[in-house]
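K.L.:
Just to be clear, the model below is a prediction. Sequence and coordinates:
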Amino acid sequence: MIEKIVFMGTPDFAVGTLQALIGAKRYRVQAVFCQPDKPRGRGKAMQMPPVKETAAEAGIPVYQPQRLRDPQWLETLRDLQPDAIVVAAYGQLLPREVLELPPYGCINVHASLLPKYRGAAPIQWAVINGDAESGVTTMRMNEGLDTGDMILQETVRLAEDETGGSLFGRLSAAGASLLLKTLDAINDGTAAYRPQPPESPTPYAGMFSKKDGEVDWTKNAQQIERLIRGLNPWPSAYTTYRGRTLKLWAAKAEEAQAAVRQEEEQETAQAAEPGTAVRVTKSSLEIQTGGGRLSVLELQPEGKKRMTVDAFLRGYPVEPGERFGA
C-alpha cells in the first residue's frame with residue numbers, strides 16, 4: 001500500500017503534481033528532492049526552484065543534491081523508507097539503487113503521449129511540429145530515458161494558437177490529476193503496466209538553448225509560426241533587425257498569394273528574398289519566408305518591453321524591402 005512518498009521535481013511543471021499530493025490526505029509527502037538553487041536575473045541573486053518554494057510553504061523537508069547518486073543521498077532515501085518515489089521534471093537521472101529502493105517503484109509524470117517525445121522538452125516540440133494532440137503519461141521508471149512501463153495516459157488537444165507556455169500549464173494540471181489516479185490504481189490493484197516499444201516514433205526531445213530560437217526565414221511561414229509559438233515563453237524565437245536582436249512573441253502565417261492582393265504585390269512577394277518586409281502598414285508587418293508570408297503580431301526590440309506590432313512600427317518605421325535576419 002502506497003502511503004509514504006518522496007517527491008522529486010524542480011520547475012513550475014512539477015508544482016501542480018506536488019500540490020495535488022499534499023492536498024490528497026491519503027498520501028504523506030515525507031520529503032522533496034529538487035535541483036540546487038541557482039543565480040537568476042541581472043543581479044545573479046540566488047533563487048529557489050518553484051518546487052522548493054511550494055514544499056517550504058507546506059513545511060516539508062527539502063533536499064537539493066548536486067548528484068543524487070552520491071552515497072549520502074542514497075542513505076537519506078533509505079532512512080526515509082518511502083513506499084514510492086514520484087518524479088516530475090526532476091532534472092537528474094535516477095541511479096539503479098534509487099529506482100529499486102521503494103517497494104512500489106519510482107512513478108514518473110511525463111508531458112507527452114509516450115513513446116512519443118522522450119526527453120526533456122516534449123511540450124515545445126509538440127507545438128513546433130504541429131501536432132494535433134499531446135498529453136501526459138505516468139510510468140514506472142527504469143534505467144532508460146523515459147522508457148519505463150506506461151500506466152495511465154491522458155490526451156490533450158492543441159488549440160490553433162497553442163504556445164509552449166499555454167500547453168505547459170494544461171499538461172501540468174493534467175499530470176497532477178493523472179498522478180493521483182495512478183497511485184489510486186496501484187493501491188486498489190487495477191493498475192496495468194504496458195511496456196513501451198524500444199524505438200520512439202519521434203526524435204529525442206532535447207532541451208532547447210537560446211540559439212535554437214533563431215528564425216530561419218528560408219523555412220515556410222507555418223513552420224516559423226509554430227517555432228514562435230512553441231518557444232513562447234522560453235527560450236523565445238528571435239531574429240535580427242538593423243543589427244540588433246528582435247524577439248518574436250506572436251505571428252500568423254499568411255498564404256503566399258492571397259486573392260485580395262494586387263498583382264504587383266504578388267510579384268513583389270514572389271521576387272523577395274526570405275526575411276524581406278514585403279507589406280507594411282500602420283498596424284501590420286508581413287515578412288516573406290521560404291513559403292508564404294508571416295504576419296508579425298507581437299515582438300520585442302533589444303532592451304525594450306514586449307509590444308504589439310503597431311506600437312513597434314511607431315517607433316521603428318519599417319520600409320518595404322528591409323531585411324530581417326542575418
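P.N.:
Sure, I can see it. Residues are numbered from 1 along each chain as shown.
K.L.:
number of nearby residues for Ala272?
P.N.:
Residues near Ala272, counting by other C-beta atoms under 10 Å, number 19. C-beta coordinates here come from the backbone N, C-alpha and C atoms, glycine included.
K.L.:
Could you check the pLDDT of it?
P.N.:
If you check Ala272, the pLDDT there is 91.
K.L.:
gap between the spatially closest residue to it that is not a sequence neighbour and Asn220?
P.N.:
Distances taken as C-beta to C-beta, 6 or more residues apart in numbering put Gln288 closest to Ala272, at 4.2 Å, once the chain neighbours are dropped. Look at Gln288 and Asn220: by C-beta to C-beta, to the nearest Å, they are 11 Å apart.
K.L.:
what about the two, which has more around it?
P.N.:
Gln288 (25 against 16).
K.L.:
what sits opposite the more buried one in the beta ladder?
P.N.:
Assessed by DSSP bridges, Gln288 has beta-bridge partners Arg293.
K.L.:
residues near Pro36, how many?
P.N.:
13.
K.L.:
Go ahead and confirm the residue nearest to Ala272 touches Arg279.
P.N.:
No. Taking contacts as C-beta atoms under 8 Å, Gln288 lies outside contact range of Arg279: 9.2 Å.
K.L.:
picking up where we left off before, confidence score at the residue nearest to Ala272?
P.N.:
Gln288 is given a pLDDT of 97.
K.L.:
again, but for the one 10 residues further on
P.N.:
According to the predicted model, the pLDDT of Glu298 comes to 98.
K.L.:
residue contacts, it?
P.N.:
Leu248, Trp249, Ala250, Ala251, Arg306, Met307, Thr308, Val309 (C-beta atoms under 8 Å, 6 or more residues apart in numbering).
K.L.:
Considering these, which is situated nearest to Phe168?
P.N.:
Nearest to Phe168 among the contacts of Glu298: Trp249, at 15.5 Å, using C-beta to C-beta.
K.L.:
Quick check on the residue most central in space within the chain: phi, psi?
P.N.:
The residue lying closest to the centre of the chain (C-alpha atoms, centre = their mean) is Ile123, at 4.1 Å. Phi and psi for Ile123, reported as degrees, to the nearest 10, are phi -70, psi -50.
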